[in-house]
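A.B. asks: Whatever this is, show me its structure:
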Amino acid sequence: MGQKQSTTKRMTVLVVIGVFALTAMLGIVMYRVIRYHTVNRYFELALGSAQMAAFIVDGNRFEDYLRGEVDDTYFTSESLLQSLVDSYDLRYLYIVMFHPDYDPDYNPKIVYIFNFEPFTEDPDEIGGLGDRIHDDAVQTYYFAAVHETGLATSSPVETNTPRYGHLISAYVPVFANGRVVAIACVDIYMSPIIRAALLQISVLFGVVFLSYAFMIFFYNKGHKKSEQINLERERVMTELGVAKNIQMRMLPSISELTKDKEGFDIHAHIETSRQVRGAFYDAFFAGDNLLVVVIGDVSDVSDKNISAALLMSSAMMLIKNGANMLINNNQQDPHKVFEAVNNALLHDGMRAGASVTAFMGCLDLTNGEFSYVNAGHNRPLLKKGENGYSFADFRLSPSLALEKNENQRYEKEVIYLDEGDVLCLYTDGVIGAKNKSGVEFSSDDLLDVVNGYEGECVKELTKIVRARLSKFVFGAEQVKDTALLALKFNEKGRQNK
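C.D. replies: Residues are numbered from 1 along each chain as shown. You can find the predicted model right below:
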């Protein structure tokens, strides 16, 4: 009897030791998995925030700022960057540039243009405009790499120092006139996040000593609670509306675009859904008489909130910089812009399954030549002369940033616009909008609306489309942004030659 009890005790001890050892190994593996995904998740936030920061600022003014010529553009950028820091709980956000007089082979002098350190106890220690940053070998290495290549960091930069603590960092180039002029940097403080992960693992070890059954029970409960907390945190972040605010601020001012310009009439409008979905439009001059119009939409993103806004900002920035670089080289090839943008988005690590549909057109106001490229976007509506609107038979190329589509070639097409011709661009939020019964607003519905308008004002045209669409979907929550852009060519433009 005693021998049997002794054997049972030994078996019990062995089982407890085995369970403890197994749990320890599982705990180590789980900690590493949690840590890996946590680091990469917060790196995505750091990289996206740095891309937003790079888009917000005006790199053409940095050298003016360093000379003391600080104006409203600086303070407007500073206010938007502060909103970014506050909303995403960033540890540090700063934009730096190599001083114009620096010697890269001997003594690189890197100075602040903007600097935000919300958790610094002594405000006097915060570096301001023109102040030299603290020497840091890791930072200097990445600053130089981004500055020379023009590419953002593609993987987490993780550092742990007594001065700054445990940080995950991302570095993104700031462009001006087709060249890198500065680096936007974002750091996220990881110490409390990693400690929280360690605390969860430690609790599991304590539960093992009570019993294996209780360990499983408390682990499942703790795991579910952790998931609920993370989901709630993500929901709160999306509800902040910061991404939507920045999305709207990125859109061009049509009134400023048309100021002192003849030869065209243009109007654009975007209506965002309850959450940011990634639709965008842009219009800008790349030269005195070359008007560039862009419309696009981020599609197939599993997390269509902050992620969509970040991809949207990246696409807009890359398209605009690419267009300006080509014009500086006396080229008018929108397809080459999309080829470069496609590779850049893939290199930056687009989320699996994500892509960007986009249409880009270049209108030469001296002769009405309109060269364009369509990357998987909706067919534009075109009105030629006295004829009504019809869907243009434009060549369709693949969407941007499709998986395994690196070095994709895009085709440029050219048409000529005459006086009074109108081009209307739109996103999936127009065709595909659903009413309460689940019925979609079709391409025929859109065609009926535009052909029912007999006026000449493109602003009124977009207003009528929006009113008809709003009436159609009345009361039904939409899941896609609605963007419209209408462009009319006037013969007067040929006088600007």
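A.B. asks: Now the residue nearest to F284 when sequence neighbours are not counted: which helix or strand?
C.D. replies: For F284, ignoring the flanking residues on the chain, the nearest one in space by CB to CB, 6 or more residues apart in numbering is V292 at 5.6 Å. In short, each C-beta sits where N, CA and C put it, glycine included. Element membership of V292, judged by DSSP states H and E, is strand 290-299.
A.B. asks: Mind checking the pLDDT average for that strand?
C.D. replies: Strand 290-299 carries an average pLDDT of 88.
A.B. asks: Partner strands of that strand, with direction?
C.D. replies: Counting by DSSP bridges, the strands paired with strand 290-299 are strand 279-285 (antiparallel), strand 355-364 (antiparallel).
A.B. asks: for the ones you listed, which one ends up most surrounded?
C.D. replies: strand 355-364 (a mean of 26; mean count of other CB atoms under 10 Å).
A.B. asks: can you give me the helices for the chain?
C.D. replies: Along the chain, the segments classed as helices by DSSP state H run 2-56, 62-66, 72-88, 137-149, 191-208, 212-239, 242-250, 254-258, 306-328, 334-347, 443-451, 458-472.
A.B. asks: in the stretch 1-150 of the chain, what spans have low per-residue confidence?
C.D. replies: 1-13, 15-16, 18-20, 23-24, 27, 100-107, 120-125, 135 (pLDDT under 70).
A.B. asks: For G59, give its distance to V356.
C.D. replies: 23 Å (CB to CB, to the nearest Å).
A.B. asks: Also A483?
C.D. replies: 13 Å.
A.B. asks: residues shared between the contacts of these two?
C.D. replies: Common neighbours of A483 and V356 (criterion: CB atoms under 8 Å, 6 or more residues apart in numbering): D297.
A.B. asks: so who does G475 touch?
C.D. replies: K436.
A.B. asks: Any idea how far apart the tips of stretch 94-109 sit?
C.D. replies: 16 Å (CA to CA, to the nearest Å).
A.B. asks: Check stretch 417-424 too.
C.D. replies: Stretch 417-424: ends 13 Å apart by CA to CA.
A.B. asks: Just the residues contacting it, thanks.
C.D. replies: Residues contacting stretch 417-424 (CB under 8 Å, 6+ apart): 293, 361, 363, 368, 370, 380-385, 389, 392, 450, 456, 458, 461-462, 484-491.
A.B. asks: Repeat that for stretch 43-50.
C.D. replies: By CB under 8 Å, 6+ apart, stretch 43-50 touches 84, 88, 90, 93, 152-153, 155-156, 168-172, 184-188, 306-307, 309-310, 313, 348.
A.B. asks: Please produce a ChimeraX select command covering the buried subset of those residues.
C.D. replies: To isolate the buried members of the contacts of stretch 43-50 in ChimeraX, using 16 or more other CB atoms under 10 Å:
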select :84,88,90,93,152,153,156,168,169,170,171,172,184,185,186,187,188,306,307,309,310,313,348
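A.B. asks: Sort out for me which of the contacts of stretch 43-50 are in strands.
C.D. replies: The strands, defined by DSSP state E, take in 93, 168-172, 184-188 from the contacts of stretch 43-50.
A.B. asks: With distance to E419 as extra columns, can I get these in a markdown table?
C.D. replies: Shown next, in a markdown table, are these (distance: CB to CB, whole Å):
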| residue | distance to E419 |
| --- | --- |
| L93 | 49 |
| I168 | 56 |
| S169 | 54 |
| A170 | 49 |
| Y171 | 49 |
| V172 | 43 |
| A184 | 44 |
| C185 | 50 |
| V186 | 49 |
| D187 | 55 |
| I188 | 54 |
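A.B. asks: from the residues you listed, which two are the most distant?
C.D. replies: The distance between the two most remote of the ones in strands among the contacts of stretch 43-50 (CB to CB) is 15.3 Å, for I168 and A184.
A.B. asks: Nearest residue to the middle of this structure?
C.D. replies: Of all residues in the chain, the one closest to the mean position by CA atoms, centre = their mean is L310, 1.6 Å from it.
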